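Trainee: coordinates only, sequence not included:
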């Protein structure tokens, strides 16, 4: 048995798995995940950058987990061995609440991240120029001069506004600006990159290595952020890491969804090449929103240096108890050979 996840459009993914993809995995040996992945990609010919990749991500992660559990090895060991036993984590949050004051509780949340031991923080912005500048300056004041600070615009900005925000917050020394534009507006990202000194990051919504190839050739992103539960799973993410190596570009996985993606991404991050200094990547995204589907599976705390340890048990690294998630199950089904 292995655990997998895709958190994007789960009902559509379920139908694709049941009706199209499961046939390529059922009855096959889990000791060759790449062969199963290749077979599943054969069903993605008309959908090379979309829902099929999201659906097969779940199966691919599950196959790697099952391979690890059957062999007694962690996924990182199966990938050739970890380059690190722990990784610097950044607190990702807070999510901005709906209502008149979108930054309500913002400073208290950032203070909580630092109290929890994080030495790197990524905040959400994109409400308005004055409000965003104030929030960024407040965050820098809270985290201190030595901490790593990033911002995420969640595709909510424009070229001109992003350039203006970068100029207005130079003193806050942002480590990166994440997804200021729609993720597929590659020419727009290039225009921003030519005008500011702050690195741009993105890629969480990209499916397949070809999508990352385009931004690498373009040179617009300084940090790639594949999400294992969307991009095509661990097998595809390893291809993306190789592409990044060829272009001397860092990878910092986007980590969302449940504890399954969290654990898979830790295994992946442990084998990535290191690049850069501010920040040094890989660096690990730790969702700090209310997320029981992550916390009930794995809820580590940073050590004194802001790192979290990579579990070294078989497969994903730890045993996952299905019973802990019983109250959140809304549908279950089985596909047999």
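Mentor: Looks like it arrived, so ask away. A quick note: this is a predicted structure, and the numbers were derived from the prediction, not measured.
Trainee: Quickly find the element holding residue 91.
Mentor: strand 86-92 (DSSP states H and E).
Trainee: Quick check: which helices or strands does that strand pack against?
Mentor: The contact analysis (3 or more C-beta pairs under 8 Å, 6 or more residues apart in numbering; DSSP states H and E) places strand 86-92 against strand 120-124, strand 148-152, strand 284-287, strand 307-309. Using the backbone N, CA and C atoms, a C-beta is placed for each residue, glycine as well.
Trainee: Can you add mean pLDDT and mean neighbour count and give the ones you listed back as TSV?
Mentor: Formatted as TSV, those follow (pLDDT from 0 to 100; neighbours: other C-beta atoms under 10 Å):
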stretch	mean pLDDT	mean neighbour count
strand 120-124	98	24
strand 148-152	98	23
strand 284-287	98	23
strand 307-309	98	18
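Trainee: Mind putting those into JSON lines with distance to residue 178?
Mentor: Shown next, in JSON lines, are the helices and strands packed on strand 86-92 (distance: least, C-beta to C-beta, whole Å):
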{"stretch": "strand 120-124", "distance to residue 178": "7"}
{"stretch": "strand 148-152", "distance to residue 178": "4"}
{"stretch": "strand 284-287", "distance to residue 178": "10"}
{"stretch": "strand 307-309", "distance to residue 178": "20"}
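Trainee: ok, residues contacting whichever strand or helix holds residue 11?
Mentor: Per DSSP H and E: residue 11 is located in helix 10-16. For helix 10-16, the external contacting residues (C-beta atoms under 8 Å, 6 or more residues apart in numbering) are 6, 51-52, 54-56, 58, 331, 333.
Trainee: wait, doesn't residue 104 sit right on residue 97?
Mentor: Yes: counting by C-beta atoms under 8 Å, residue 104 does reach residue 97; the two are 5.8 Å apart.
Trainee: which residues does residue 71 contact?
Mentor: Residue 71 sits in contact with 31, 78, 314, where contact means C-beta under 8 Å, 6+ apart.
Trainee: Can you tell me which of those are buried?
Mentor: Neighbour-count burial (16 or more other C-beta atoms under 10 Å) applied to the contacts of residue 71 gives 78, 314.
Trainee: In helices, which of the contacts of residue 71 fall?
Mentor: Counted as lying in helices by DSSP state H, out of these, are residue 78.
Trainee: Which one of the contacts of residue 71 is nearest to residue 237?
Mentor: For the contacts of residue 71, the residue nearest residue 237 by C-beta to C-beta is residue 78; the value is 13.5 Å.
Trainee: right, and the closest one touches residue 65 too?
Mentor: No: in this structure, residue 78 is not within contact of residue 65 by C-beta under 8 Å, at 10.1 Å.
Trainee: Now for those two: what residues contact both?
Mentor: Between them, residue 78 and residue 65 share no contacting residue under C-beta under 8 Å, 6+ apart.
Trainee: ok, and residue 57, which helix or strand is that part of?
Mentor: Here residue 57 is assigned to helix 51-71, by DSSP H and E.
Trainee: gap between that helix and the chain center?
Mentor: In terms of C-alpha atoms, centre = their mean, to the nearest Å, the centre of helix 51-71 is set 16 Å apart from its chain centre.
Trainee: Buried residues, it. List them.
Mentor: Buried residues in helix 51-71, counted by 16+ other C-beta under 10 Å: 51-69.
Trainee: Which parts of this protein belong to which domain?
Mentor: Domains of the chain are assigned by automatic domain parsing as 10-76, 80-309.
Trainee: So which of those is nearest residue 337?
Mentor: domain 10-76 (4.2 Å).
Trainee: Just give me the neighbour total for the closest residue in space to residue 253 that isn't next to it in sequence.
Mentor: Nearest residue to residue 253 in three dimensions, chain neighbours excluded: residue 265, at 4.6 Å (C-beta to C-beta, 6 or more residues apart in numbering). Other residues near residue 265 come to 28 when the count uses other C-beta atoms under 10 Å.
Trainee: Distance of residue 167 relative to residue 160?
Mentor: In this view, residue 167 and residue 160 are 11 Å apart by C-beta to C-beta, to the nearest Å.
Trainee: ok, how many other residues are close to residue 177?
Mentor: For residue 177, the count of nearby residues is 25 (other C-beta under 10 Å).
Trainee: Just list whatever residues bridge to it.
Mentor: residue 151, residue 200 (DSSP bridges).
Trainee: who's in contact with it?
Mentor: So residue 177 contacts 150-151, 153, 162, 165-166, 196, 198-201 (C-beta under 8 Å, 6+ apart).
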